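K.L.:
Next one to model:
(one chain, ligands or ions: 1)
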Amino acid sequence: MHDLNETKQSRALRLGVAGPVGTGKSSVIAAICRHLRDEFQIGVITNDIYTDEDARFLRSAGVLPEERIRAVETGSCPHTAIRDDVTMNLIAVEDMERDFAPLDIVLVESGGDNLTATFSPALVDAQLFVLDVAGGGDVARKGGPGISGADLLVINKIDLGEHVDVDVKQMVADATNARDGGPVLALSRKRPETVEQLCGWVREMQKTYAAGGHIPKDPGPMAPHHHAHDEGHGHSHDHDHAHSHD
Ligand SMILES: Nc1nc2c(ncn2[C@@H]2O[C@H](COP(=O)(O)OP(=O)(O)OP(=O)(O)O)[C@@H](O)[C@H]2O)c(=O)[nH]1
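P.N.:
Reported below is the predicted structural model:
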């Protein structure tokens, strides 16, 4: 008979948070830390291209002891350090796990990118992809590996829906459709019940992972695609980088 104890995980759940610039990745991480820090031992690694801005924001927000928030300055497009060559991040995660052992969860925030950057399963065990309503209701329909394949898609800032003429229910329905029914969470830091849902998802994922019941999956790189900018002048190409054209 299969014994779950044999597959129990001994290290922290590594949870990635990716998504376009400014959708609220740092805010999502801050909320998770604030609400779960008494329940789990948590560390955070942030990725910025040229600064340690996100780490400084999280430290100044006081969501964790300062030394548990570390920055990786990628010096390059975020996808390079979270997908193509994860060495810098992997070292940062392993150092964090060693310095504060035993940790339950290490959150890795990607630099803000576009719709195409996802984490390699060599770096994280599970990943969130964060959109916001301010980017437009149609973004959820545009697809891409993060939207369709992340373990959880977060649609953030739903409190702003009425101000930007976005029908949040429709956006959630479109996103659910793009994910073949995969989980979608409508979130606002101003609506505590949604923050509790987010934390509930993280709690369940950590427990499933620790019991050896979670298999990391790769949302995949951007698929070859076609742009029909105008009639007769479309072009198609394979992307080996993360610049989208939406
Ligand atoms: N109204 C509203 N604003 C939010 C919410 N969550 C985040 N914001 C705001 O959105 C802005 C961007 O949030 P961040 O958490 O810095 O976004 P980010 O994705 O980490 O940004 P980058 O790291 O620059 O890509 C900030 O001004 C936040 O205060 C929300 O639920 N509602």
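K.L.:
dump the residue contacts of the residue lying closest to Ala140 once chain neighbours are set aside.
P.N.:
Closest residue in space to Ala140, ignoring its immediate chain neighbours: Ala175 at 3.8 Å, by Cβ to Cβ, 6 or more residues apart in numbering. (Glycine included, C-beta is placed from N, CA and C.) Contact analysis of Ala175 by Cβ atoms under 8 Å, 6 or more residues apart in numbering lists Leu131, Ala140, Ile147, Leu153, Ile155, Val184.
K.L.:
the bottom helix or strand of the protein by mean pLDDT?
P.N.:
Of all helical and strand segments in the chain, the minimum by mean pLDDT, DSSP states H and E falls on strand 235-237, at a mean of 43.
K.L.:
what's the spacing between the residue in the chain that the ligand sits nearest to and Met88?
P.N.:
In the chain, the residue that lies nearest the ligand is Gly112 (2.3 Å; Cβ to the nearest ligand atom). Using Cβ to Cβ, to the nearest Å, one gets 17 Å for the distance from Gly112 to Met88.
K.L.:
Can you flag which of the contacts of Ala175 belong to strands?
P.N.:
Within the contacts of Ala175, residues falling in strands by DSSP state E are Leu131, Leu153, Ile155, Val184.
K.L.:
I'd like the residues you listed as CSV, with neighbour count and pLDDT appended.
P.N.:
Formatted as CSV, the ones in strands among the contacts of Ala175 follow (neighbours: other Cβ atoms under 10 Å; pLDDT from 0 to 100):
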residue, neighbour count, pLDDT
Leu131, 26, 97
Leu153, 25, 97
Ile155, 28, 98
Val184, 23, 98
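K.L.:
Now narrow those to whatever sits close to the ligand.
P.N.:
Among these, proximity to the ligand is found for none (Cβ under 6 Å from any ligand atom).
K.L.:
Which single one of the residues you listed is nearest to Gly161?
P.N.:
For the ones in strands among the contacts of Ala175, the closest approach to Gly161 (Cβ to Cβ) belongs to Ile155, at 9.4 Å.
K.L.:
which helix in the chain runs the most residues?
P.N.:
Of all the elements of type helix in the chain, the one with the most residues (DSSP state H) is helix 192-210.
K.L.:
close to the ligand, is it?
P.N.:
No - Helix 192-210 stays clear of the ligand (Cβ under 6 Å from any ligand atom), getting no nearer than 8.4 Å.
K.L.:
and that helix, how far from the chain's centre?
P.N.:
Its chain's C-alpha centre and that of helix 192-210 lie 14 Å apart, by Cα atoms, centre = their mean, to the nearest Å.
K.L.:
Packing partners of that helix?
P.N.:
Counting contacts by 3 or more Cβ pairs under 8 Å, 6 or more residues apart in numbering; DSSP states H and E, helix 192-210 packs against strand 13-18, helix 25-36, strand 184-186.
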